[in-house]
Structure formats: C-alpha cells, structure tokens
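A.B. asks: Quick one: sequence and predicted model below, then my questions.
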Amino acid sequence: MIMKLFSNSSRSRERFLEAILQSAIEYAIISTDLDGLVTTWNEGARRILGWDEAEMVGRPAAVIFTEEDRQAGILQREMTAALTEGHGNDERWHVRKDGSLFWASGQMMALTTDDGEVEGFVKILRDQTEQRENEERQRVLMHELSHRMKNTLTVIQAITSQSFRNASSIEDAEQAISARINAYAKAHEILLQRNWLGATMAAIVEATAINLGLETSERFKASGPAVELGPQAALCFSLVLHELVTNANKYGALSGDTGYVEIKWSVRDEAAHKRLNFSWQEVGGPAVKAPSKKGFGSRLVNSSLSAFGEVSLDFAPAGLILRLDAPLQKLQYKNYSDAEE
C-alpha cells in the first residue's frame, strides 16, 4: 500500500512538472543530453522557434544558433559555464525554423541525477526582440537628440555673435537676433508637427512668407513640385530664406514699390539620381552692387547651402540671383549622422 501511494505521488509530480513545462508558453524550455542533443522541447519552444517537438528531439540544439555562433562553439561555452559557474548566460541572436532571427535572453543550467551526476542540460530562453528594438530606438533617438541640441546651440551661437558683429547698435542686434531665432523656431515647429521626419519645400517657403508678413503679397512668388526635405535641410532653408527676404526688404527688390521675388525649384533625373534645382531671383528692385565685404547673410547662404550641393550667388545689376544644384538624397537625410557620412 505504501509503495502504491509513493508510486502515485511520483507520477502526480511528473504530471505536475509536465503541466508547468508546457504552460510556460512565453519561454522556450529545452533539455539536452551531454552531447547537446535535444531530449525535451516545450510548447513555448515550438511557438518561439517554430519547430515541433517531434522534429527536434534527437537533433542538435545548436541548430537554433546562428552560423557564426555555431562556428564559435557558443553552445559548448554555455555548457561549460553551466558546469563551472552554475549557469551559462544567453544574450544573442537566435534562428527560427523559417530562418528569421530574434534576440533571446536566457540561461543554461546543468541537469543532475539524485546522485549528483550531470546527465544533461536545460536551456531556458525568451524572445526579447521587441525590447531590444525599443532599446535600440531609444539609443538612436538619444544620439539624434544630442546632435540636434549641439547643432541648435551652434546655430544660435553663430546667429548671436554674427548679429552683434554686423549690427550698428544694440537695438539693431537685438532685433536681428530675435527675428533670426524666430525663423529658426518656426522651422522647428513644422518639423515637430511631423515627428521630425522632415518638411516640404513649400511648407518652409510658406512659413518664411508668413513670418515676414508676405503670405498674401503678390511680390513674393514661389512655385515648384512637392519636394520633401530632411530636418537639417529644412532648418537650413528656413534661415537662408529669412536672410534673403530680410536683405530684399532692406536693399533689394522688396525695398521699393514695384520689385518682386521669384522662388522656383524643380527636380531632374541625372545618372539614376535625382537632383534639386533651386533658385531665388529678385526682379524690379534698385540696381544691385556686389558688397565690398561679405555680411552674415552671404556667409550663411554659402556655408549652409554648400553643405548640400553647388551654390552660386550672382549680384547682377538687375537683381540678386541665388542658385543651388544639389543631390535630392542628400537634402532628404533624416538624421544628422547620415548627413555627416
């Protein structure tokens, strides 16, 4: 009678452990013999890795490792760590039945008999791909945010120092700084509305017109196809257009009653790559003379736009003409690290 109760208790315990093993569907629980051949394969392993238990029992557990890790003997290293340190950590890419990769986190431990002899190993792992991708996105975002902050501070510093250098008075410097930073801030608003993915050329031109009270003026003409700009290019065009309009109001085509500004852009195909042609042309204003020295606006136009392509400034007597010929791809980079490559 006692033996019968003991036997029933043992079988109940086995069924209980088997139920736990199969119900842990978020974890792949795999046991192997000393040679690394699979002896058990739970439902979690089937769901995560794709193979059925019947397909895997008797096969090398190394099949779930990448080719590089198999060549490096990672499974054997985990077994050794399990024997010498009590567990072998597993934080790496693994392979599913369909060949796709996923990031796993888990451990391997030794299985021992009642006498303390090692008879195999148990490997427990969990699919942590989503968590790793989230962490990677966070890392990229922090890296990008760092670039944005440094770039913004550099631009603000340049605006401030150059505005003071070229101003005739503190009041003039204050107004120039305020107007330039406001133009820069408007571009940031546009980018934030689109999750910093970029802005269209039309949106940047329109924001410039609104910022300077020219949105309904027939003297500020703009035309071109739908063109997407990356964040850095959008900010650059915002500052450049602000400087050009400000200069046109003070000295150029918009300083009188009859002149006007015409902005045009187009895209052309060249050697399997698209290029942007952008032009700013002033018409009907006072006769233009080339400046004896470059001011902040000229330096800004050249230094900013030349980072993207070929820039030309023509101080033609009939009116200032700016042209940019640039690879569209370079203007559409989504982050600063791309633009620096």
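C.D. replies: That came through fine.

A.B. asks: what number of residues lie near the closest residue in space to residue 319 that isn't next to it in sequence?
C.D. replies: In space, and not counting its chain neighbours, residue 319 is closest to residue 282: 3.6 Å by C-beta to C-beta, 6 or more residues apart in numbering. Using the backbone N, CA and C atoms, a C-beta is placed for each residue, glycine as well. Neighbour count of residue 282, defined by other C-beta atoms under 10 Å: 25.

A.B. asks: just residue 72 next, same as before
C.D. replies: Around residue 72 there are 12 residues (other C-beta under 10 Å).

A.B. asks: How about residue 117?
C.D. replies: With other C-beta under 10 Å as criterion, residue 117 counts 8.

A.B. asks: for the one 3 residues further on, same thing?
C.D. replies: A total of 19 residues lie near residue 120 under the criterion other C-beta under 10 Å.

A.B. asks: Same question for the one 10 residues further on.
C.D. replies: Burial measure for residue 130: 10 neighbouring residues, criterion other C-beta under 10 Å.

A.B. asks: Then it would be within a strand, right?
C.D. replies: No. Looking at residue 130 with DSSP: H, G, I helix; E, B strand; the rest coil, it is helix, so not inside a strand.

A.B. asks: average pLDDT for stretch 287-307?
C.D. replies: Per-region confidence: stretch 287-307 scores 78 on mean pLDDT.

A.B. asks: follow-up on the earlier one: what does the helix or strand harbouring the residue nearest to residue 319 contact?
C.D. replies: Residue 282 belongs to strand 273-283 when assigned by DSSP states H and E. Contacts to strand 273-283, defined as C-beta atoms under 8 Å, 6 or more residues apart in numbering, come from residues 201, 227, 241, 244, 248, 252-254, 259-269, 288, 309, 318-329, 331.

A.B. asks: buried set for it?
C.D. replies: Buried residues in strand 273-283, counted by 16 or more other C-beta atoms under 10 Å: 275, 276, 278, 279, 280, 281, 282, 283.

A.B. asks: that older thread, inside strands: which ones of the contacts of strand 273-283?
C.D. replies: Per DSSP state E, strands hold the following members of the contacts of strand 273-283: 260-269, 319-327.

A.B. asks: which intervals of the stretch 151-300 of the chain have sub-threshold pLDDT?
C.D. replies: Within the stretch 151-300 of the chain, the segments meeting pLDDT under 70 span 151-155, 159, 162, 194-196, 294-297.

A.B. asks: now the helices: where do they sit in it?
C.D. replies: With DSSP state H, counting those that start in this stretch as the criterion, the stretch 151-300 of the chain has helices at 170-193, 201-211, 231-250, 296-305.

A.B. asks: what's the neighbour count on residue 260?
C.D. replies: The number of residues packed near residue 260 is 18, by other C-beta under 10 Å.

A.B. asks: give me phi/psi at the nearest residue to it once chain neighbours are set aside?
C.D. replies: In space, and not counting its chain neighbours, residue 260 is closest to residue 219: 4.0 Å by C-beta to C-beta, 6+ apart. Here is the backbone geometry of residue 219 (degrees, to the nearest 10): phi -90, psi 0.

A.B. asks: Equivalent analysis for residue 37, please.
C.D. replies: phi -90, psi 140.

A.B. asks: Would you mind listing the residues in contact with it?
C.D. replies: 58, 59, 60, 61.

A.B. asks: Reduced to three states, what does residue 142 come out as?
C.D. replies: Following three-state DSSP, residue 142 is assigned to helix.

A.B. asks: rewinding a little: next, work out how far apart the residue nearest to residue 319 and residue 73 are.
C.D. replies: 71 Å (C-beta to C-beta, to the nearest Å).

A.B. asks: got it, and residue 105?
C.D. replies: In terms of C-beta to C-beta, residue 105 sits 20 Å off from residue 73.

A.B. asks: just the helices of the stretch 151-300 of the chain: most buried one?
C.D. replies: Sort the helices of the stretch 151-300 of the chain by mean neighbour count, taking mean count of other C-beta atoms under 10 Å, and helix 231-250 sits at the top with a mean of 23.
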